[in-house]
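In: From the sequence below, what's the structure:
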Amino acid sequence: MNAHEALNKLAKWRTMFAGWQLGTRVKGDPESDAVRDHREVTILLRAEVSALAALLIAKGVFSTAEWDRQLVIEAEYLNGAYEQKFPGCHATELGMSIDVARAASFMKDWRP
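Out: Numbering: from 1, shown residues only. The predicted structure follows:
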């Protein structure tokens, strides 16, 4: 199997994730098509980044420990950026914590 075939096969999971999120929808449904497209990008990106990291570690460009430390830095930075984007919300080890009074400013227009 070549890379194109392997990634094409892997990307088929996009439909399962879209169905899990939205329920069964036909191709052509705009909301479902958007979710499938996004899931495909996320799935392929995960495979590509994992492959890149594995090669760089194997070649000695950086160690697994260095990779892990940098992942912590990047995750903490992104978590902080999300907290700024969504005031009153923060992730915990158990799930999301939401101060409803603070979050009301941006959640007022969300769908029920």
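
In: name the element the residue most central in space within the chain belongs to?
Out: Nearest to the geometric centre of the chain sits T42, at 5.9 Å (CA atoms, centre = their mean). Following DSSP states H and E, one finds T42 within helix 30-58.

In: list the helices and strands the following helix or strand past that helix packs on?
Out: Counting by DSSP H and E, the element after helix 30-58 in chain order, helix or strand, is helix 64-85. Applying 3 or more CB pairs under 8 Å, 6 or more residues apart in numbering; DSSP states H and E, we find helix 64-85 packed against helix 30-58, strand 89-92. Heads up, the C-betas are built off the backbone N, CA and C, glycines and all.

In: Buried residues, the last one. List them.
Out: Put plainly, it is strand 89-92. Buried residues in strand 89-92, counting neighbours by 16 or more other CB atoms under 10 Å, are found at C89.

In: ditto for the longest one
Out: Of the residues in helix 30-58, those buried by neighbour count under the rule 16+ other CB under 10 Å are 32, 35-36, 39-40, 43, 53.

In: Isn't T15 up against D33?
Out: No: with contact defined as CB atoms under 8 Å, T15 does not count as touching D33 (10.8 Å).

In: where's D33 relative to I57, distance?
Out: 37 Å (CB to CB, to the nearest Å).

In: what does A104 give?
Out: 45 Å.

In: And D109, what's its pLDDT?
Out: Per-residue pLDDT puts D109 at 84.

In: Quick check: it is in a strand.
Out: No: D109: not assigned to a strand; according to DSSP: H, G, I helix; E, B strand; the rest coil it is coil.

In: Can you give the distance of the helix holding T42 from its chain's centre?
Out: 9 Å (CA atoms, centre = their mean, to the nearest Å).

In: which strands and helices sit next to that helix?
Out: So helix 30-58, by 3+ CB pairs under 8 Å, 6+ apart, packs with helix 3-11, helix 13-22, helix 64-85.

In: in the first one, what's buried?
Out: Neighbour counts using 16+ other CB under 10 Å place A11 of helix 3-11 among the buried residues.

In: Check which helices and strands that helix sits against.
Out: Looks like helix 3-11 contacts helix 30-58 (3+ CB pairs under 8 Å, 6+ apart).
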